[in-house]
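**Q** 3D model of this:
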Amino acid sequence: ATLLKVAAIGPATAAEARKAQLAVTLVPDSYVAEGLLASLGSQAAEKRVLIVRAAVARDVIPDALRAADARVDVVEAYRNVLPAPAPEQLREALQQGIDAATFTSSSSVTQLKDAAEKAGIAFPFVHVPAVSIGPVTSQTLREHGWEPAAEANPSDIPGLVAATAWTLASSPASVTRRHR
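**A** Numbers count the residues shown, from 1 in each chain. Below you'll find the predicted structure:
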């Protein structure tokens, strides 16, 4: 019998896997693909690896595992789809005033950009600081012309909340917008 080993990129994913009765054996210190690969080291060599992920995702993990002689199967478990009401919801949110925009993934950046384009709104948003969950998401923001005001460290939701709080506390413009 083969022992199934489960890895999760971050603690939230690990917690959900455990709820599904999976015994998570590896969570890297750095919650990005590169962190997982560094934690795996050569453990995946000549092993069969199943990667469950979004339909649109970076190929860093499968490419690196294949290069290390792992047999890799990728299963697309979900797709990010822009909901029909998103452009109008974005227009309303901007009219009410936004103090910061938080991004939990590169796809959240591209989805918001798509919603803005469909709403006829310039992207990135002027005078709205962007807060990123980690280095990959920050790079995607930069590729779309939006320099992050802050980046979570660690790259998880509590880190993102802390980075957002720091951004709001550091931004006199957000206080002005909030109290107009």
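
**Q** Grab the most central residue of this structure for me.
**A** The structure's the chain has its C-alpha centroid closest to Ser105; by CA atoms, centre = their mean the separation is 2.1 Å.

**Q** The closest residue to that residue other than its chain neighbours: what secondary structure?
**A** Of all residues not flanking Ser105 in the chain, Thr137 sits nearest, at 5.9 Å (CB to CB, 6 or more residues apart in numbering). Glycine gets a C-beta too; all of them are placed from N, C-alpha and C. Using DSSP: H, G, I helix; E, B strand; the rest coil, the structure places Thr137 in helix.

**Q** And for the one 3 residues further on?
**A** Under three-state DSSP, Thr140 falls in the helix class.

**Q** Contacts only, for it.
**A** 103, 106, 109-110 (CB atoms under 8 Å, 6 or more residues apart in numbering).

**Q** Next, count neighbours for Ser42.
**A** Neighbourhood size, Ser42 [other CB atoms under 10 Å]: 10.

**Q** Quick check: it vs Ala67, distance?
**A** The spacing between Ser42 and Ala67, counted by CB to CB, to the nearest Å, is 11 Å.

**Q** Also Pro148?
**A** The value you get for Pro148 to Ala67, if CB to CB is used, is 30 Å.

**Q** Fine, thanks again, bye for now.
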